[in-house]
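**Student:** dropping a prediction and its sequence here:
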Amino acid sequence: MKKTALITGASKGIGKELALIFAQNNINLVLVARSREILSEFKEHLETNYSISVLVVVKDLCTASSAEELFSEIKDNHIEIDYLINNAGFGDYGTFADTSWERYEKMISLNVTTLTHLSHLFITDWKGRKPGRILNIASTAAFQPGPMMAVYFATKAFVLNLSEALDQELKNDNITITTLCPGPTHTSFGEESKMNASDVVKNVKIATAKDVATLGYVSMMKGKTTVIHGSINKVAPFAVRFMPRKWVTKLSERVMRRS
C-alpha cells in the first residue's frame, strides 16, 4: 500500500519542491495552502505526471481551529498519514514596536501553535499503532536571537527545541522528528518578510528551494534529528556556543540591519 505525506505550505518554495520529491518517490500527497487555484493546478500536474493521488485542502493555518479541522478532514477522507511536513510559516523584517500585534499573533499561531498542534494530533494517532516521520522546517535563525526579526527568530528556536525534545521522547516508538534548518533560500519568503533588505541576505550565497527540500527529504527518511543546509550556515550555530550571549545578540543585530 502506498504511503501518504501531508505537506503544509505546499503551493510554493520548499513545500512545493518537497511535494515533487514525494511524488517522484511514488508517495501520495495531501497538500495544504490558502490558494485553491495554485493547489488545483499543482494537483493536476502531479496526478498527470506521477502515479499518485493528491488531496487538496485549502485552509488558512493561522486560525486557532485549523489543525483540528485539517486532521478531521483527513480522517473523513479515510487517509492515513505516514509523513507530516510542517513547512508553512512566515516572518517579518522590522523593529518589534513598528510591527502590528496582529501580524505577530498570526506568525506565532502559524509558526508555533499550528505546528505543535498538528504534531500532537499525529503523534497521538501514530503512537503504539504505526510508525511515522515528521519533518519540521525551522531555520538557521533558530540558533541565536534576531534583532529586527525578533519574533520570527524566537518561533524558529521554539520549533528546533520542541522537535529535538520530541525526537528524544519518541526514540522507542518508531516515530522520528527531523528539523531542517535552511539559511537564506530562493523562495518568496525573503520578499514577503522584507528580509531581503538585510545584510544577512545580501552577503551570502542563496540556496535553491530544491536543494533544501532534497536535504530535508533524505534526512527525514534516514531519521536524522537536526540538519543544517550549507557548510557555511553550519559555522554560526557552532561558533555561538563559545560566545557570550550578549555578543551573539549584538553580532546578530549588526548582520540583520540594513547597510
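**Tutor:** Sure, I can see it.

**Student:** strands of the stretch 101-250 of the chain, residue ranges please.
**Tutor:** For the stretch 101-250 of the chain, applying DSSP state E, counting those that start in this stretch gives strands covering 132-137, 175-181, 185-186, 207-208, 226-228.

**Student:** elements contacting the third one?
**Tutor:** Going back to what we said before, that points to strand 185-186. With contacts defined as 3 or more Cβ pairs under 8 Å, 6 or more residues apart in numbering; DSSP states H and E, strand 185-186 has these neighbours: strand 207-208, helix 209-222. Every residue, glycine included, has its C-beta placed from N, CA and C.

**Student:** and the closest residue to V159 other than its chain neighbours, how far is that from C181?
**Tutor:** Among residues not flanking V159 along the chain, A138 sits closest, at 4.4 Å (Cβ to Cβ, 6 or more residues apart in numbering). Distance of A138 to C181, given as Cβ to Cβ, to the nearest Å: 5 Å.

**Student:** give me the common contacts of those two.
**Tutor:** Residues touching both A138 and C181 by Cβ atoms under 8 Å, 6 or more residues apart in numbering: K156, L160.

**Student:** shaky segments in the stretch 101-250 of the chain?
**Tutor:** The stretch 101-250 of the chain contains residues with pLDDT under 70 at 187-204, 230-231, 233-250.

**Student:** let's see it at 80
**Tutor:** Within the stretch 101-250 of the chain, the stretches with pLDDT under 80 are 185-205, 230-250.

**Student:** can you give me the helices for it?
**Tutor:** With DSSP state H, counting those that start in this stretch as the criterion, the stretch 101-250 of the chain has helices at 101-108, 115-126, 150-169, 189-193, 199-202, 209-222, 235-239, 245-256.

**Student:** thinking again about what came up before, can I assume the residue nearest to V159 is in contact with I177?
**Tutor:** No - contact criterion Cβ atoms under 8 Å: A138 and I177 do not qualify, at 11.1 Å.

**Student:** re earlier: burial count for the residue nearest to V159?
**Tutor:** Look at A138: counted by other Cβ atoms under 10 Å, it has 28 neighbours.
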